[in-house]
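# Pasting the sequence and the predicted coordinates here, then a few questions.
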Amino acid sequence: MTSVSIIGGTGYTGSELLRLLANHSKIDEIEHITSRKESGNSILKIHPHLKSMGYDNLCFEDISLDNINSDVVFCATPHGASMSIVPQLYEKGIKVIDLSGDYRFEDISTYEEWYNLKHTGKLNAAYGLPELHRETIKKANLIANPGCFPTGAILSIAPLVEKGIIEERVIFDSKTGVSGAGVEASQTTHYPNVNENLKPYKLTNHRHTPEIEKELNKLVENSKNNMKVSFTPHLAPFTRGILTTAHTYLKEEYLSIAKDEIVEIYEKFYKNEHFVRIYDNDMVSLTGVRGSNFCDIAGFEVDRNGRLIVISAIDNLVKGASGQAIQNMNIIMGFDEKEGINYCGLKP
Ligand SMILES: NC(=O)C1=CN([C@@H]2O[C@H](COP(=O)(O)OP(=O)(O)OC[C@H]3O[C@@H](n4cnc5c(N)ncnc54)[C@H](OP(=O)(O)O)[C@@H]3O)[C@@H](O)[C@H]2O)C=CC1
Ligand SMILES: CC(=O)N[C@@H](CCC(=O)OP(=O)(O)O)C(=O)O
């Protein structure tokens, strides 16, 4: 009997955790699901689409963390909030999967610089990108679930970085759906400001930049932390999904590499990875991954200037958040890694 709790159950990632866990054969119970604003109310008030999925008697609670005794707790809370919740659960010996950025950095000073927050203190967390860190995740009691943009960006070029065939300067250009901003409405996410629009933001200073950079540096042989990542996100008029275009430059000695060889590098690198799909063409799209835990990767073309272009697509709420969190839970609990999350995209 495995029970889980969710802290922050009214948000988009909390909702997505419930949707996916409803069909997870190893989860018998949602012990607690928290909300401060909706405490006492049925979860169907906020998530009516989950009616008849086994949650009809489940209510939000605003409870003390002392009362939580689940095997696994998902913290679907904002950065800054998670670090005041996670330590208490962690110290009780509960396995915690934190969806925020609070435990993604080994180096607290980088976190404090980019998040503009004082950290309450480091814990021993594994960075929860299974394709790169499965063995560490298996042994961890705290998983720092990766950021949505970093998931698509890191997976898109990890094989090239490990192989050492590109220069250590890369540019990621990402288009994201609006659900990435969470449930709280703002001027930025207001319908007239998003509809029929494409809006760049945080042109040079998005907090996901150092997260991408530190993970790519880990893949460089004898790394001197020289990776220079430039990242610019764009808010686009769709609900879910992140399409990332990676612009990389081949090192001089690899300029004549054939596309087939590049595809082979990717197929070899991801040969045991169910949730990464490689397309040796431009058949990558957001509808191909919407609602699914797949990261689709395509492109692999080199232009006349030696620019190698790779494109990745994920659903920000699934592989970019809740699906990946369940993938991590499956790993730490010894379940089949695909359990509860093995769906293809909702195309069209
Ligand atoms: N949306 C996305 O695509 C992605 C989100 N993430 C990360 O996942 C986390 C959750 O994101 P998302 O679901 O979008 O966020 P939302 O803003 O949609 O929801 C946040 C939830 O946290 C609760 N909450 C807020 N502050 C606190 C607090 N101080 N203590 C306890 N509960 C709190 C809220 O409920 P209430 O106020 O009622 O208590 C709400 O249920 C964030 O860290 C986000 O950065 C990661 C990857 C992708
Ligand atoms: C559209 C939008 O606003 N997206 C958010 C993505 C945030 C997110 O998901 O945060 P973490 O992955 O770090 O937890 C942003 O750019 O800040």
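Received it, and whenever you're ready, just let me know what you need. Ligands and ions are numbered 1, 2, ... in the order given.
# give the contact list for the residue of the chain found nearest ligand 1.
Per Cβ to the nearest ligand atom, Gly11 is where the chain lies closest to ligand 1, at 2.0 Å. Quick note: C-beta positions are derived from backbone N, CA and C, even for glycine. Residues in contact with Gly11, defined by Cβ atoms under 8 Å, 6 or more residues apart in numbering, are Ala76, Gly182, Val183.
# go with 10 Å
Applying Cβ atoms under 10 Å, 6 or more residues apart in numbering, we find Gly11 in contact with Leu17, Ser35, Ile46, Ala76, Thr77, Pro78, Leu99, Ser179, Gly182, Val183, Glu184, Ala321.
# of those residues, buried ones?
Buried subset of those (neighbour count, 16 or more other Cβ atoms under 10 Å): Leu17, Ser35, Ile46, Ala76, Thr77, Leu99, Ser179, Ala321.
# mind checking the SS state of the closest residue to the last one other than its chain neighbours?
Read that as Ala321. Nearest residue to Ala321 in three dimensions, chain neighbours excluded: Thr13, at 4.6 Å (Cβ to Cβ, 6 or more residues apart in numbering). The three-state label given to Thr13 by DSSP: H, G, I helix; E, B strand; the rest coil is helix.
# The one 5 residues further on too?
Here Leu18 takes the helix state, with states given by three-state DSSP.
# State the pLDDT value of His32.
pLDDT for His32: 98.
# element containing it?
Take DSSP states H and E as the rule and His32 turns out to sit in strand 27-33.
# what's the distance between that strand and the middle of its chain?
Its chain's C-alpha centre lies 22 Å from the corresponding centre of strand 27-33 when counted by Cα atoms, centre = their mean, to the nearest Å.
# Following the chain past that strand, name the next helix or strand.
Following strand 27-33 toward the C-terminus (DSSP H and E): helix 43-46.
# Export that following helix to PDB, keeping only CA atoms.
Provided in PDB are the C-alpha atoms of helix 43-46 (Å, rounded to 0.1, in the frame of the first residue of the first chain):
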ATOM      1  CA  ILE A  43     -11.000  19.000  -4.900                       C
ATOM      2  CA  LEU A  44     -13.800  18.900  -7.500                       C
ATOM      3  CA  LYS A  45     -14.500  22.500  -6.800                       C
ATOM      4  CA  ILE A  46     -11.200  23.400  -8.400                       C
END
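# now whatever helix or strand comes next after that helix: mean pLDDT?
Sequence-wise, the next helix or strand downstream of helix 43-46 (DSSP H and E) is strand 72-75. Computed over strand 72-75, the mean pLDDT rounds to 98.
# quick one: secondary structure of Met329?
helix.
# isn't it right up against Ile6?
No. Judged on Cβ atoms under 10 Å, Met329 makes no contact with Ile6 at a distance of 11.5 Å.
# Please identify every residue contacting each of the two.
Common contact partners of Met329 and Ile6 (Cβ under 10 Å, 6+ apart): Leu17, Leu21, Val72, Phe74, Ile97.
# Pull out the buried members of the residues you listed.
Buried by 16+ other Cβ under 10 Å: Leu17, Leu21, Val72, Phe74, Ile97, out of the shared contacts of Met329 and Ile6.
# Thought Leu317 was touching the first one, still the case?
When you say that, I think you mean Leu17. Yes. Between Leu17 and Leu317 a contact is recorded at 9.5 Å, counting by Cβ under 10 Å.
# any common contacting residues for these two?
With Cβ under 10 Å, 6+ apart as the test, Leu17 and Leu317 both reach Gly323.
# Mean confidence (pLDDT) on the helix of greatest length in the chain, please.
For the chain, the longest helix by residue count, based on DSSP state H, is helix 148-163. For helix 148-163, mean pLDDT is 98.
# near ligand 1 too, which of the buried ones among the shared contacts of Met329 and Ile6?
With Cβ under 6 Å from any ligand atom as the criterion, the buried ones among the shared contacts of Met329 and Ile6 include none near ligand 1.
# who touches Asp62 in this structure?
Applying Cβ under 10 Å, 6+ apart, we find Asp62 in contact with Thr34, Ser35, Arg36, Lys37, Glu38, Ser39, Gly40.
# How about residues contacting stretch 184-199?
With Cβ under 10 Å, 6+ apart as the test, stretch 184-199 has contacts from 11, 78, 175, 177-183, 201, 233-239.
# That one close to ligand 1?
Yes. If you take Cβ under 6 Å from any ligand atom as the test, stretch 184-199 does meet ligand 1, through Glu184.
# Report the separation between the nearest residue to Tyr343 once chain neighbours are set aside and Val263.
Spatial nearest neighbour of Tyr343, chain neighbours left out: Ser292 (5.0 Å); criterion: Cβ to Cβ, 6+ apart. For Ser292, the distance to Val263 (Cβ to Cβ, to the nearest Å) stands at 22 Å.
# for Glu106, same thing?
Note on Glu106: its distance to Val263, by Cβ to Cβ, is 33 Å.
# The two: which has the busier surroundings?
The neighbour count for Glu106 versus Val263, taken as other Cβ atoms under 10 Å, is higher for Val263 (19 against 13).
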